[in-house]
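Visitor: model the following, please.
(2 chains)
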There are 2 protein chains.
Amino acid sequence: MQRHSSLDEAADLAGVAALLQIGAEIGVDRLLDSGATFDAAELARTADLPQAGAEDYLAALVAAGLVVGTDVPGRFRAAEDYPDRRYAAGYVSWAMSANGPFLANAREFLTDRDAAARVHRRNGRRVAVSSRWIGERAFYPPVVDRVASAGASHVADLGAGAGGLLIELLGRDPGRTGVALDSSGAACAAAREAAAAAGVADRLQVVERTVQSLADDPGPVEGADAVLACFVMHDIVADEPVAKDVLGACRDALAPGGFMAVADAVSYAPDSAERRFSALFTYLHASFMRVTLPTERQWLDTFRSAGFSETVCVPLGVPGGRLFVAAR
Amino acid sequence: MQRHSSLDEAADLAGVAALLQIGAEIGVDRLLDSGATFDAAELARTADLPQAGAEDYLAALVAAGLVVGTDVPGRFRAAEDYPDRRYAAGYVSWAMSANGPFLANAREFLTDRDAAARVHRRNGRRVAVSSRWIGERAFYPPVVDRVASAGASHVADLGAGAGGLLIELLGRDPGRTGVALDSSGAACAAAREAAAAAGVADRLQVVERTVQSLADDPGPVEGADAVLACFVMHDIVADEPVAKDVLGACRDALAPGGFMAVADAVSYAPDSAERRFSALFTYLHASFMRVTLPTERQWLDTFRSAGFSETVCVPLGVPGGRLFVAAR
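Guide: Next up, the predicted model:
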């Protein structure tokens, strides 16, 4: 038995990803991700499932080494390497589960993309969970660092989802305030709930709006020291006039010394360490989601034409990902 | 950018798995797997898709480094490391795509397994393709070696699927004959077609029958020097009397000096290199497929009670997999 080569890690990763996907499907991902201790009854309550089903799932997690026992009999918690494994599983979950409707109906998409796109939609929760698993490691930290080192006191996040990034930022500085903007009512509700649970609801304004709408009414970003956008701007930048209007409005609304931090993807990154995932990401967006990703050069040009004085581009942990920091 | 750690390989693997899954969905997996050269028109014809769709997919494969150009402009073939990457992707494809209906409906399965199992079924082709990608590397070679080194001239394969293993064996020895048994009419049709394409149809008998039926009529395995069964016996062994009858019938039907070679899985392999994938495999079978995997000890006991004189057990490349070679 030849084991522990990179080929064999594939089986490990596949096993972990499917087990964690089941956890996300039954709604225990937050409990596992929290690192808190729990027992089978708590797992069953969180999932709202019969205890027998929760016990079998728990046994599988323990057998896989993803969950370990504690000093208290019957109580468990995520293993020490769980965050690393969850991050790795995030890529598999995003590629295979979040994009499952694209893969399963590839023939239809390759025959008539727009007709297929109207019928076969992704599950928003699967996209959000897998993006969180990747993002918490691969693009949240560098964005948080930028905001913290700039001492930005008022921060807006565009496409904020469940508000995780802002809640992290507000938790780090009791004087900081935030605006979470998202076009999904469900995401906004989740953000309000998460902000309340984290005790920062009084400093977080949640706005149900599209990013595009900022071109006409930049109110939500007015006076921000930092405007953040993680993997949401690529929906907009392909349309040059819209991109110019939205980014221009954000720029004009920034406080003096403010900046935009846009974490996003470039088209077909050629580097050997990036090319495989970047190829999937680029191809799925183009052929399944009607989104043509810009090159690094095109991203930089877009920021310049929107009036930003200087834009810095640094690679992110996610292959093909870049952090653009654009100064007012 | 920290890259090329085992965490970053996760993104590579996820990208590759999803791109190859798309290939399987549009029906170009055999063309890619063959290593033959092809152009966009051929890819489109094989997939029966508009050429534009095939071209975009081909561009993604090239960008990902899975397919490379040749000396002939416009002609491509799978990259040198494609077989390795396809093997690794096989685990992800099996875990996430073949078992997709289990994962997506986990809540229903954990509430009422049997009711859910009647409604949510796996796609046979997705199971077959991912099993082939894993099996060609992880369990075909040791089985082929056993048959070859024993000089077995008449070989039966139970649950033969599309007949890949037997066609490989017949191709290696022009004096060898085979019987492919499968309960699926589609699999039998595919086996007949593949045998004809490989020029071994005159030496391969295809029988549409369940493995269980051999207990009453062992005709298809009568006189075999080797009876093979790859990941099919676990459906049977949990029911002790049935297992004893089927294995006993196979044993009695074997030619003198003959053997059974059963590649299959043990329950929850505890070894650190096996535990993650084995946990998923065991759990999915128990909680989603009503199959309780035996331990290694239970497997060995089953062969003994069926009358086999001696059974050797060796680990397979697939985590939790074992090759049981049982001598008449």
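Visitor: only C-alpha atoms from now on, for both contacts and neighbour counts.
Guide: OK.
Visitor: SS state for the residue nearest in space to the middle of chain A?
Guide: Centroid check for chain A by Cα atoms, centre = their mean gives A:Ser131 as the closest residue, at 3.5 Å. Secondary structure for A:Ser131, judged by DSSP: H, G, I helix; E, B strand; the rest coil, is helix.
Visitor: so what's it up against?
Guide: With contacts taken as Cα atoms under 8 Å, 6 or more residues apart in numbering or on different chains, A:Ser131 has the following neighbours: A:Gly90, A:Trp94.
Visitor: please redo it, this time with the cut-off set to 10 Å
Guide: By Cα atoms under 10 Å, 6 or more residues apart in numbering or on different chains, the contact list for A:Ser131 reads A:Tyr87, A:Gly90, A:Tyr91, A:Ser93, A:Trp94, A:Ala98, A:Arg125, A:Ala138, A:Phe231.
Visitor: next one: A:Asp239
Guide: Residues in contact with A:Asp239, defined by Cα under 10 Å, 6+ apart, are A:Val291, A:Thr292.
Visitor: distance of it from chain B?
Guide: The spacing between A:Asp239 and chain B, counted by Cα to the nearest Cα, to the nearest Å, is 21 Å.
Visitor: need the pLDDT of the residue nearest to the centre of chain A.
Guide: For A:Ser131, the model assigns a pLDDT of 92.
Visitor: one more: A:Asp202?
Guide: Per-residue confidence for A:Asp202 comes out at a pLDDT of 97.
Visitor: try the one 10 residues further on
Guide: At A:Gln212 the predicted local confidence, pLDDT, stands at 96.
Visitor: what does the pLDDT read for the nearest residue to it once chain neighbours are set aside?
Guide: Closest residue to A:Gln212 in three dimensions, ignoring its sequence neighbours and counting by Cα to Cα, 6 or more residues apart in numbering or on different chains: A:Val246, at 6.2 Å. What the model reports as pLDDT for A:Val246 is 97.
Visitor: my read is A:Val246 is in a strand, agree?
Guide: No - the assignment for A:Val246 is helix, going by three-state DSSP, so no strand is present there.
Visitor: one step back: just the ones in helices from the contacts of A:Ser131, please.
Guide: When these are checked against helices (DSSP state H), the matches are A:Tyr87, A:Gly90, A:Tyr91, A:Arg125, A:Ala138.
Visitor: just give me how far the helix or strand of chain A with the lowest mean pLDDT sits from the chain centre.
Guide: For chain A, scoring each helix and strand by mean pLDDT, DSSP states H and E identifies helix A:234-237 as the least confident one, at a mean of 89. Between the mean C-alpha location of helix A:234-237 and the chain-wide mean there is a distance of 16 Å, by Cα atoms, centre = their mean, to the nearest Å.
Visitor: go on, stretch A:81-101?
Guide: 12 Å.
Visitor: repeat that for stretch A:179-188.
Guide: Taking the mean of its C-alpha atoms, stretch A:179-188 sits 14 Å from the chain's own mean (Cα atoms, centre = their mean).
Visitor: what's in contact with that stretch?
Guide: By Cα under 10 Å, 6+ apart, the list of residues contacting stretch A:179-188 from outside reads A:124-125, A:128, A:154-167, A:190-194, A:203-213, A:220-221, A:224, A:227-229, A:232.
Visitor: from those residues, list the buried ones, please.
Guide: Buried by 16 or more other Cα atoms under 10 Å in any protein chain shown: A:128, A:154-167, A:190-192, A:194, A:203-209, A:211-212, A:220-221, A:224, A:227-229, A:232, out of the contacts of stretch A:179-188.
Visitor: circling back to that earlier point, count of neighbours near the residue nearest to A:Gln212?
Guide: 23 (other Cα atoms under 10 Å in any protein chain shown).
Visitor: from A:His120, how far off is A:Pro73?
Guide: To A:His120, A:Pro73 is 46 Å away according to Cα to Cα, to the nearest Å.
Visitor: the more surrounded of these two?
Guide: Neighbour tally, A:Pro73 and A:His120, criterion other Cα under 10 Å: the higher count belongs to A:His120, 16 against 8.
Visitor: what sits against that one?
Guide: For A:His120, the contacting residues are A:Gly100, A:Pro101, A:Phe102, A:Ala104, A:Asn105, A:Glu108, A:Phe109, A:Phe288, by Cα under 10 Å, 6+ apart.
Visitor: same question, A:Ala327
Guide: Each residue near A:Ala327 by Cα under 10 Å, 6+ apart is listed here: A:226, A:251, A:254, A:256-261, A:303, A:307-312.
Visitor: what does stretch A:105-112 rub up against?
Guide: Taking contacts as Cα under 10 Å, 6+ apart, the residues outside stretch A:105-112 that touch it are A:100, A:102-103, A:113-117, A:119-120, A:287-289, B:21-27, B:47-57.
Visitor: understood, closing this out.
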